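>>> sequence first, predicted model second:
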Amino acid sequence: MDTAKTVIYTLIFVILAAVAGGLIFIYSGAFDVSARWEDGPLVKWAVVTTRERSIEVRKEGIKVPANLDDPKVVMAGFKHYREMCVECHRAPGLKGSETSKGLNPKPPNFGDLKEEDVDPAEFFWIIKNGIRMTAMPAWGVTHSDDKIWAMVAFLKKLPGMTPAQFKAMDEKAGPDTDHDETPGEAHEHEHSH
């Protein structure tokens, strides 16, 4: 048998062995999918690196609107954040909720967000598309880009916000409603969170 055939047969055997080993591992149930246990360093590295690279590649080309500093847009984003995000991502002065404590991986606490952590294109992509196996929903299924950009506008203002400032915004925003509008967007009759 010549060398080329030996290399090809060896390569085929290695691929089939890897596929068989992977299937045995999957069907054995050996991997614990429970949210109660932390992943080991290798699994954590693989998951985090895969997530970060995936987002980095997909956020390219997203155009950040110029109106993210508009107070009306920021307030609309605050209302959406308060209704949909605080339970998991918290707010200044709020500790982990029962929901956020039970998630694995732990959602970032945006009450501790720093200015350098806010990449508008990245946040837009994540909010719109969600992240599999993290409990981060794809809000783009139920929310327009304008509403998602409003949330990003608020997140840009969140770093350094004190609990008193967050409370003042909450009081200014008024009670939660199901029919709030984001500036630049027509009123929607069906709005759910």
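Right, received. Where do you want to start?
>>> who touches the lowest-mean-pLDDT helix or strand in the chain?
In the chain, the helix or strand scored least confidently by mean pLDDT, DSSP states H and E is helix 98-101, which has a mean of 90. Residues outside helix 98-101 that contact it (CB atoms under 8 Å, 6 or more residues apart in numbering) are 87-90, 106-107, 109. The way it works is simple: take the backbone N, C-alpha and C, and place the C-beta from them, glycine included.
>>> wait, doesn't E87 sit right on S97?
Yes. Using CB atoms under 8 Å, E87 is in contact with S97, at 5.5 Å.
>>> ok, longest helix in the protein?
helix 3-28 (DSSP state H).
>>> could you list the domains of the protein?
1-31, 54-173 (automatic domain parsing).
>>> mind checking how far the longest one is from the chain centre?
With CA atoms, centre = their mean, to the nearest Å as the basis, domain 54-173 stands 9 Å off its chain's centre.
>>> buried stuff in stretch 37-52?
For stretch 37-52, a neighbour-count test (16 or more other CB atoms under 10 Å) marks R51 as buried.
>>> most packed of the domains of the chain?
domain 54-173 (a mean of 17; mean count of other CB atoms under 10 Å).
>>> start to end distance for it?
End-to-end distance for domain 54-173: 35 Å, by CA to CA, to the nearest Å.
>>> thank you, goodbye.
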